[in-house]
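The following comprises the amino acid sequence and a computationally predicted model.
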Amino acid sequence: MHEIVVKVVVPVVVAHAVVLAVMLAVIRKMLLGDTNRAIARVRDVEAEVRKKEEAIRREIEEHEKEFARKKAEAEEALRRQKEEGEKELARARDQVLSEARKEADRIIDQARKNEEKYRKQLAQEMEEKMVEYAMQLFGMVFSEKMDAALNEKFIDELLDALAEVDSSNITVDARSAQFTSSHPLSVGQKERLQKLLAEKFNAQISIDETVRQDLIAGLILKLGGLEIDGSLRNRLQEAAAELKKSVGM
């Protein structure tokens, strides 16, 4: 009986052991296959991750390089703009200063011109006033007889000067002479004057006489293009002009 049990049980146990061994082998193989496949997948994933990391790293580097390039370009553009702005500011400053200098020069020049103009105007007014005051003084100081005597003296002096004139270089194209005197010419003065003109210019010239009391004394002779001012008024004006020069006006 014992032998029968052994004979029956042993094969069953062996069979179970074989089945178990086969199952264990299959399970082991399955487990190893899954593990290898898992490991392979992990390795693939790791490789893919490394690839992506490398791509991301390269992309980051490219972005950093691009950022650095754009930053450098922006800094360079800003530097150029700053330099150009400074140059433009310098040009504008120079232009403003140049225009300011020109305006200042123009104002100074205009002021000098105005000063010269006013100085000449003042000098002219002073000259006229001096002559006017001298005439008023003459009228208050000299009597009518003294005035007539002075006038005669002036005319005689003018006639004497005319007699000494070298007429060889003077050409007179006129048939009449205009005389402006402070007093009417006497008959003797007219005759002497006509004689002098005939001798000097070899022409019979009629005398047109005009009286101007503001000449004070003496006369003005106009013969064609020849003009001789022998009036006291003219001498006063010349004296006033010389006085202006002496005082630097």
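Right, received. Where do you want to start?

Now tell me what touches stretch 157-164 from outside.
189, 192-193, 196, 200, 218-219, 221, 228, 230 (CB atoms under 8 Å, 6 or more residues apart in numbering). For glycine as for every other residue, the C-beta is placed from the backbone atoms N, C-alpha and C.

hmm, which of these are the buried ones?
Using 16 or more other CB atoms under 10 Å as the burial test, the contacts of stretch 157-164 include 189, 192-193, 196, 200, 218-219, 221, 230 as buried.

show me where this protein has strands.
176-181, 206-211, 219-223, 226-229 (DSSP state E).

Which positions within stretch 150-164 qualify as buried?
For stretch 150-164, the neighbour count (16+ other CB under 10 Å) marks 150-152, 154-155, 158-159, 162 as buried.

and what of stretch 225-235?
229-235.

Helices - which of the buried residues of stretch 150-164 land there?
Among the buried residues of stretch 150-164, the members falling in helices (DSSP state H) are 150-152, 154-155, 158-159, 162.

between these, which is nearest Asp44?
Proximity of those to Asp44 (CB to CB) peaks at Leu158, which lies at 139.0 Å.

how near is the closest one to Lys52?
Noted for Leu158: a distance of 127 Å to Lys52, by CB to CB, to the nearest Å.

cool, Glu199 as well?
Per CB to CB, Glu199 is found 135 Å from Lys52.

Adding distance to Glu76 as columns, could you present the ones in helices among the buried residues of stretch 150-164 in a markdown table?
Listed next are those as a markdown table, based on distance: CB to CB, whole Å:
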| residue | distance to Glu76 |
| --- | --- |
| Leu150 | 96 |
| Asn151 | 97 |
| Glu152 | 101 |
| Phe154 | 94 |
| Ile155 | 97 |
| Leu158 | 93 |
| Leu159 | 98 |
| Leu162 | 94 |
